[in-house]
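[1] Got a predicted model here, sequence first, then my questions.
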Amino acid sequence: MSKSIGVIVGRFQIDMLHEHHFNLIHQSLDEDNLTLVIIGGSSCKEPTNRNPLSVKQRYEHLKSLFAGKNVVLSIIEDTRFDSDWYDKLEQIIDTHNIFNHKVNLYSGSKGFGPAYNQANRKYTAQIIGNQDSSDTSSTEMRGHIVSTDHEPNNRDYRTGIIRGVGSLRPRIYNTVDIAMIKHDLKGGDIHNRIEAQVLLGRKKNELQWRFPGGFVDFKDYDLEEAARREFHEETGLFIEHPLEYVTSLTVQDWRYENETDAKILTTLFKTDYMSESPKPGDDLEEVAWFNVFESNTLYVLVPEHKILWNKLIVYLNKTL
């Protein structure tokens, strides 16, 4: 009887292996002389919803589950192109198949197998299950974990939250702020410095004013799109003139001043007023025009926006 090596590839991004994982591995243990389990890596440096667990965490989990079994673990890193990934996969298989045994390459219907077979590579993947199978995927199981209300009084739950957040790298939250400038044309000169005004907003329960703006959204294509969206949400105005880059810097936002692993990086844009009357929206309670070159304007701003104001004045002195 010819000997064989069974190969199973998966990301195993779940708190415990589901039934489909076990079925594949146990099928190989029953039918093959050696079972090679290859753990998929992640190209992301930070944990994501799709890849919350590190390679080391998944490796140790599988190692403990199959201790004493005829199982060998290996790791395959992500690549940009499928063809490169297939090359790596076959190299790993060949490295462990030193006696040139028959290779049984197993895949679920939702795994790499169908695409791998279409590429006409060295091996042929055996597809276990079908696309209409009721097997629950790891993605669905992770979604269930995230959406399920957990017991906050459970110490393990709180420990997991603390450990998860603590494992994140220091991070930057990107925001945008917008200085819309209005020129009084009564004097006949659009560059009249004395008549230049800037639109500022005030939040509820705050006495000081700020540039309209906010956090960059995941769906925003670029910083300019984020600026246009935020400005419209907070003032009701559409930005019709080009956005001019003024500066970008970290701001000492009071919400994050005591955090050691998170801070805000904002980008300030300048644009010109076109028409229509601004109306406060989103988290702004009031919007108003302030004279740009009056020294008192600086003192009505929230502390974190004073440095943005100084950068704006320098920019306007060069451009107006």
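    Noted; the coordinates are in hand.
[2] Which residue ranges of the stretch 51-200 of the chain form helices?
    Per DSSP state H, counting those that start in this stretch, the stretch 51-200 of the chain carries helices over the ranges 55-65, 82-96, 113-118, 138-147, 155-166.
[3] so where is the protein shaky, pLDDT-wise?
    Along the chain, the parts satisfying pLDDT under 70 run over 1, 129-136, 149-152, 184-194.
[4] Break it down into its domains, please.
    Listed by automatic domain parsing, the domain ranges of the chain are 4-166, 171-319.
[5] Show me the strands in this structure, by range?
    Assigned by DSSP state E, the strands in the chain fall at 4-10, 34-40, 71-76, 102-108, 125-128, 171-182, 197-203, 213-215, 244-251, 262-272, 284-291.
[6] distance between the fourth one and the chain's centre?
    A distance of 34 Å separates the C-alpha centroid of strand 102-108 from that of its chain, computed with Cα atoms, centre = their mean, to the nearest Å.
[7] what angle do it and helix 82-96 make?
    140 degrees (axes from the mean of the first three to the mean of the last three Cα atoms, to 10 degrees).
[8] just to revisit the earlier point, in TSV, list the helices of the stretch 51-200 of the chain along with distance to residue 179 and mean neighbour count.
    For every residue, glycine as well, the C-beta is placed using N, CA and C. Formatted as TSV, those follow (distance: least, Cβ to Cβ, whole Å; neighbours: other Cβ atoms under 10 Å):
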stretch	distance to residue 179	mean neighbour count
helix 55-65	46	15
helix 82-96	47	15
helix 113-118	50	15
helix 138-147	39	13
helix 155-166	35	10
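[9] Tell me which of the ones you listed sits nearest to residue 270.
    Residue 270 lies closest, by Cβ to Cβ, to one member of these: helix 155-166, at 36.6 Å.
[10] For the residue most central in space within the chain, give me its contacts.
    The chain has residue 48 as the residue nearest its centroid, 6.8 Å off, counting by Cα atoms, centre = their mean. Contact analysis of residue 48 by Cβ atoms under 8 Å, 6 or more residues apart in numbering lists residue 42.
[11] Do I have it right that residue 246 meets residue 266?
    No - using Cβ atoms under 8 Å, residue 246 makes no contact with residue 266, being 10.5 Å away.
[12] the more surrounded of the two?
    Per other Cβ atoms under 10 Å, whichever of residue 246 and residue 266 has more neighbours is residue 266, with 25 against 19.
[13] Distance of that one relative to residue 81?
    37 Å (Cβ to Cβ, to the nearest Å).
[14] which ones are touching the residue lying closest to residue 178 once chain neighbours are set aside?
    Nearest residue to residue 178 in three dimensions, chain neighbours excluded: residue 231, at 4.7 Å (Cβ to Cβ, 6 or more residues apart in numbering). Residues counted as contacts of residue 231 (Cβ under 8 Å, 6+ apart) are 178, 180, 212-213, 237, 239.
[15] how about 7 Å then?
    Counting by Cβ atoms under 7 Å, 6 or more residues apart in numbering, residue 231 touches 178, 212, 237, 239.
[16] cool, and residue 126?
    Shown in contact with residue 126 (Cβ under 7 Å, 6+ apart): 104-107.
[17] now with 6 Å?
    The neighbours of residue 126, taking Cβ atoms under 6 Å, 6 or more residues apart in numbering as the test, are residue 106.
[18] which residues does it bridge with?
    Beta-bridge pairing for residue 126 (DSSP bridges): residue 106.
[19] ok, so what distance separates it from residue 138?
    Residue 126 is 20 Å from residue 138, where distance means Cβ to Cβ.
[20] repeat for residue 12
    7 Å.
[21] surely residue 220 meets residue 226?
    Yes - Residue 220 is within contact range of residue 226, at 4.1 Å (criterion: Cβ atoms under 6 Å).
[22] So what's the residue count around the nearest residue to residue 311 once chain neighbours are set aside?
    Excluding the flanking residues, the one nearest residue 311 by Cβ to Cβ, 6+ apart is residue 247, at 4.2 Å. Other residues within reach of residue 247, judged by other Cβ under 10 Å, total 17.
[23] For residue 247, give the beta-bridge partners.
    With DSSP bridges as the criterion, residue 247 is bridged to residue 268.
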